[in-house]
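A.B. asks: Just the structure for this:
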Amino acid sequence: MNISLTNNFSAEKLLAFIAQQQEEIIQQQEQIAQQRERITILENEITRLKKLNPKPDIKPNTKPTDTNGDDNENECQSDDNESDDDPESSCSELLATGIRCSRYLQTDDTGSRHQGQNGYCTVITNELFTWFGTTGSKSRENFLTLLHRPYRTYVLNADAIHYLSEHKFARKWVNILKQYQDVHFLSEKAWRAFMDDIGLTGSRNRQRATEAMLYGSLMNHGFNLVTFSDGAGQFNVFAHAQCWVHAARPLEKAIPVNDHQVSAQYWCLTWFWDIYRHLKAFKASPSDEKAARIRLAFKSLIQTQTGCSALQEGLSGLAVIEEELLMVLDHLELPLHNNLSESQIREHVKRRKISGGTKSESGRQSLDTFASLKKTCRQYGLSFWHYLTDRLTGSGTFPRLADEIERAARWVSCGLKTGF
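C.D. replies: You can find the predicted model right below:
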């Protein structure tokens, strides 16, 4: 009897012990599941932070600095010790050096065809260089992207936030983007992934935010040039000057219907081109007195009442772009017309009419590359045939175009080193 009771008591203790162990195992499994969830959350956060602030791709600076040189000369020195001799690398170096050594850039665009689709070819040029870029868009974002091609990193800084505020971007998104100010992105892909992470949707919002980021990034890279164009809106981003020849077209296109309007149109155009001639004389011999007279004459012209609605619209248009037309009074190096960029891009128009367009991406890139190199060679009186022969044979006797740009920048009006 006693033995049976003892066995029952031992069995109860054993069952209780087993139940306790099972409870401990369940608790440990729950703890393991919680730790796994925490690890997953941390891994996702690390991935997000890497997208926001990727490791910068920086090469060690092995080039000794010359502390005795002046600032203007250092500003126009090449960033790389050596450059590849293949055409695409030379073309990229041409654009980077041209921007770095210039005071202003002239721009224009024209239609193009690629794989049966309409596109646009943009030319960026001045007296130092000529560069072509063909894309499927002619938007402001596209123009900023072309200017940003020499640079690999992007930055969302105070200039980008200011750009968004000026363009009346939604305050909600401006405040969100302010939290990530001075974050650097290693590529465009990283920037677009960042917009996905913060939930910035809508093609228009993403386009405006990308414009701001590109604008701020260019300012961070030291881009502080005047752009000169025919008045197309996509080029009006930085300090912007406008062509006088294009500005006169609304006055020239006005159709007078009586003798009074004919006389008014003749009088307006005569006055307009007199101001133009005074500006040319001012560039040759500037003075504050001449500048004041020119400003007064222009102000009087745009305030004239002609009695012709088409002429009044043209004069109102001149009033809107008064600052852009008279910017030459403060920047003597600026031209008065955009003939250079239009003549440079004319060859692309002829090729489009003859060949129709390109079929492959490599064909489009090759067309832009060799057109840029050829036009720049001609600006320096160099033979493009000799340039190609030198690069293909590897003889190394033909000068690098980037070096020619840096030397010419000392003397031409658009160069940073003028007067040194």
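A.B. asks: care to break this protein down by domain?
C.D. replies: With domains defined by automatic domain parsing, the chain comprises 87-151+221-239+338-408, 244-329.
A.B. asks: Okay, helices next: where are they in the stretch 251-400 of the chain?
C.D. replies: 259-284, 288-302, 309-320, 322-325, 339-355, 361-379, 384-393 (DSSP state H, counting those that start in this stretch).
A.B. asks: which of these sits most buried?
C.D. replies: Each of the helices of the stretch 251-400 of the chain was scored by mean neighbour count; the highest is helix 361-379, a mean of 19, by mean count of other C-beta atoms under 10 Å. From N, CA and C alone the C-beta is placed, and that goes for glycine too.
A.B. asks: If you count contacts, what does it end up packed against?
C.D. replies: Judged by 3 or more C-beta pairs under 8 Å, 6 or more residues apart in numbering; DSSP states H and E, the packing partners of helix 361-379 are helix 87-100, strand 130-135, helix 339-355, helix 384-393, helix 401-408.
A.B. asks: What strand or helix carries the residue nearest to the spatial centre of the chain?
C.D. replies: The geometric centre of the chain, computed from its C-alpha atoms, lies nearest to Leu144 (C-alpha atoms, centre = their mean), at 2.2 Å. Using DSSP states H and E, Leu144 maps to helix 140-147.
A.B. asks: What's the mean pLDDT across the very next helix or strand once past that helix?
C.D. replies: Towards the C-terminus, the helix or strand next in line after helix 140-147, according to DSSP H and E, is strand 154-156. The pLDDT scores in strand 154-156 average 88.
A.B. asks: residues of the following helix or strand past strand 154-156 that come out buried?
C.D. replies: Per DSSP H and E, the first helix or strand lying C-terminal to strand 154-156 is helix 158-166. Using 16 or more other C-beta atoms under 10 Å as the test for burial, helix 158-166 gives Asp159, Ala160, Ile161, Tyr163, Leu164.
A.B. asks: any chance of these in JSON lines, plus pLDDT and distance to Gln106?
C.D. replies: Shown next, in JSON lines, are those (pLDDT from 0 to 100; distance: C-beta to C-beta, whole Å):
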{"residue": "Asp159", "pLDDT": "93", "distance to Gln106": "23"}
{"residue": "Ala160", "pLDDT": "93", "distance to Gln106": "26"}
{"residue": "Ile161", "pLDDT": "93", "distance to Gln106": "29"}
{"residue": "Tyr163", "pLDDT": "93", "distance to Gln106": "23"}
{"residue": "Leu164", "pLDDT": "93", "distance to Gln106": "28"}
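A.B. asks: Would you check which pair of the residues you listed lies furthest apart?
C.D. replies: Maximum pairwise distance in those, criterion C-beta to C-beta, is 10.0 Å, between Asp159 and Leu164.
A.B. asks: about what we covered before: compute the inter-axis angle for the helix holding Leu144 and strand 130-135.
C.D. replies: 130 degrees (axes from the mean of the first three to the mean of the last three C-alpha atoms, to 10 degrees).
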